[in-house]
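Peer 1: Quick one, fold the following:
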Amino acid sequence: MCRCLATQAVGFSLVSATARAGYRSIVTGCGTDPRASHRLPAGRVAGRAPAGPVWSDSGMDGTGTAATAARLRSVAEAVAGDAAAHLRDLPPPTGATATKSSPTDVVTAADTAVETLVRDRLAALRPGEPVVGEEAGGSAGTADVAWVVDPIDGTVNYLYGLPWYAVSVAAVQAGRTVAGAVAEPASGRLWSAARGGGATCDGRALRVSTATDTALALVGTGFSYRADRRARQALLLSALLPRVRDVRRAGSAALDLCAVAAGWLDGYAEHGTNWWDWAAAALIAEEAGAVVRVPGPPGTEPPEDGLGDDLVLAAAPGVAAGLAGMLRELGAADV
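Peer 2: You can find the predicted model right below:
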């Protein structure tokens, strides 16, 4: 599934009462220094289920209407916000508890604990809807609404004490993201979007950069955990570097996509990410006006555009075609 869309951001946000309560005392805006330390607001108890009724879309047509997307956005914001608050309250990590695709692809106790909390919250707010999570897996099946969750995107950063990591929660219908939220525990930022409802950070409308010259574009990227693929990515990057302003590597695909949405990066391109890495943040970038190309959820046919089966690309409209063409020319399909 390919979503190569440039959409107009709308200054519109539906932040749930739960999310507002959890973030009111810690957020000072999208320019907050991510290294700042924060405390939970008075009266907030980490690990408690959010108050309020179970959310329901009864009466909706199930095809991704604006009203449905807005409801799902509020749930994603509330759950991601609670998970970020819980993660801040956990003891600092002392090491990895397991590895996955390679010895450098680590899992911490916090990854498992946060995903468990997210699943519990979603079961309370959206009973019966399946969850696909990085740590515990799952399948979207044929459910009308499913949830795609990354409890900590940027686990290595978290393990090392670097502040660039986030909780990502996305609602999908028929494999297409209709709402999502990305919460940063270190800075307190809360990014979110609903399809057709715009993208915000801390309630402020997001808009991509006005860049038009790829030679002056600041581009984000990331690297695989597999050594052989990292070598191929390094070759592509070495050819790209002389042709753009510069390259940044923050260590979280979700936050790189949010940075495109905010205009902090002009573009982002990375091979080898997973559905949960980009499910929420790609929509945030798209709703902020970015041209977005994603490989699609597991089991779907990737785009046949010469960029490789699993490339995620997001860029401001003024440089999107140029950046895609440059990557294609430099051999992105072979990475």
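Peer 1: For the chain, which helix or strand comes out least confident on mean pLDDT?
Peer 2: helix 17-23 (a mean of 34; mean pLDDT, DSSP states H and E).
Peer 1: Show me what counts as buried in whichever helix or strand comes after that helix.
Peer 2: Once the chain leaves helix 17-23, the next helix or strand it forms, by DSSP states H and E, is helix 66-89. Neighbour-count burial for helix 66-89 flags 68-88 (criterion: 16 or more other C-beta atoms under 10 Å). All C-beta atoms are positioned from the backbone trio N, CA, C, and that covers glycine.
Peer 1: Packing partners of helix 66-89?
Peer 2: helix 17-23, helix 109-125, strand 166-173, strand 176-183, strand 190-194 (3 or more C-beta pairs under 8 Å, 6 or more residues apart in numbering; DSSP states H and E).
Peer 1: need the least confident one among those, by mean pLDDT.
Peer 2: When these are ranked by mean pLDDT, helix 17-23 comes last with a mean of 34.
Peer 1: Name whatever forms a beta bridge with the residue lying closest to Arg119 once chain neighbours are set aside.
Peer 2: Distances taken as C-beta to C-beta, 6 or more residues apart in numbering place Val131 nearest to Arg119, at 5.4 Å, with adjacent residues excluded. When assigned by DSSP bridges, Val131 has beta-bridge partners Trp147.
Peer 1: Per-residue pLDDT of Val131, please?
Peer 2: At Val131, pLDDT is 96.
Peer 1: That one reaches Gly138, doesn't it?
Peer 2: Yes - under the criterion of C-beta atoms under 8 Å, Val131 makes contact with Gly138 at 5.3 Å.
Peer 1: Who has more neighbours out of those two?
Peer 2: Val131 (21 against 16; other C-beta atoms under 10 Å).
Peer 1: residues touching the more buried one, list them.
Peer 2: 118-119, 122, 138, 146-149 (C-beta atoms under 8 Å, 6 or more residues apart in numbering).
Peer 1: between those, which is nearest Gly325?
Peer 2: Lowest distance from Gly325 to these (C-beta to C-beta) belongs to Val148, with 30.0 Å.
Peer 1: Contacts only, for the nearest residue to the closest one once chain neighbours are set aside.
Peer 2: Nearest residue to Val148 in three dimensions, chain neighbours excluded: Ala279, at 4.0 Å (C-beta to C-beta, 6+ apart). Ala279 is in contact with 148, 150, 168, 170, 172, 177, 180, 297, counting by C-beta under 8 Å, 6+ apart.
Peer 1: Include neighbour count and distance to Gly318 when you put the residues you listed into a markdown table, please.
Peer 2: Output for the contacts of Ala279, formatted as a markdown table (neighbours: other C-beta atoms under 10 Å; distance: C-beta to C-beta, whole Å):
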| residue | neighbour count | distance to Gly318 |
| --- | --- | --- |
| Val148 | 27 | 30 |
| Asp150 | 34 | 30 |
| Ser168 | 34 | 27 |
| Ala170 | 30 | 27 |
| Val172 | 25 | 29 |
| Thr177 | 29 | 24 |
| Gly180 | 33 | 25 |
| Pro297 | 20 | 29 |
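Peer 1: Switch those over to TSV; also include distance to Val247.
Peer 2: As requested, the contacts of Ala279 are exported to TSV (distance: C-beta to C-beta, whole Å):
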residue	distance to Val247
Val148	27
Asp150	23
Ser168	23
Ala170	26
Val172	30
Thr177	26
Gly180	26
Pro297	28
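Peer 1: returning to what we had before: so how far is Gln173 from the residue nearest to Arg119?
Peer 2: Separation of Val131 from Gln173 (C-beta to C-beta, to the nearest Å): 14 Å.
Peer 1: coming back round to it: right, so of the helices and strands packed on helix 66-89, which gets closest to Leu159?
Peer 2: Among those, helix 109-125 sits nearest to Leu159 (C-beta to C-beta), with 9.0 Å.
Peer 1: Which residue is the nearest non-sequential neighbour of Thr221?
Peer 2: With C-beta to C-beta, 6+ apart, the residue lying closest to Thr221 is Glu270, at 5.3 Å.
Peer 1: Same question for Asp277.
Peer 2: Ala253 (4.2 Å).
Peer 1: Run through the stretch 1-150 of the chain and note the low-pLDDT ranges.
Peer 2: 1-29, 31-64 (pLDDT under 70).
Peer 1: what's the most distant pair in the contacts of Val131?
Peer 2: Val118 and Ala146 (13.4 Å).
Peer 1: quick one, what contacts Ala215?
Peer 2: Listed by C-beta under 8 Å, 6+ apart, the contact set of Ala215 reads 243-245.
Peer 1: if I've got this straight, it is in a helix?
Peer 2: Yes - under DSSP: H, G, I helix; E, B strand; the rest coil, Ala215 falls within a helix.
Peer 1: okay, now Leu176: neighbour count?
Peer 2: Wrong residue type there; residue 176 is Arg, not Leu. Count around Arg176 with other C-beta under 10 Å applied: 14.
Peer 1: partner residues bridging it?
Peer 2: Here Arg176, judged by DSSP bridges, has bridge partners Gln173.
Peer 1: Out of the contacts of Ala215, which end up buried?
Peer 2: Here, 16+ other C-beta under 10 Å leaves Val244 buried among those.
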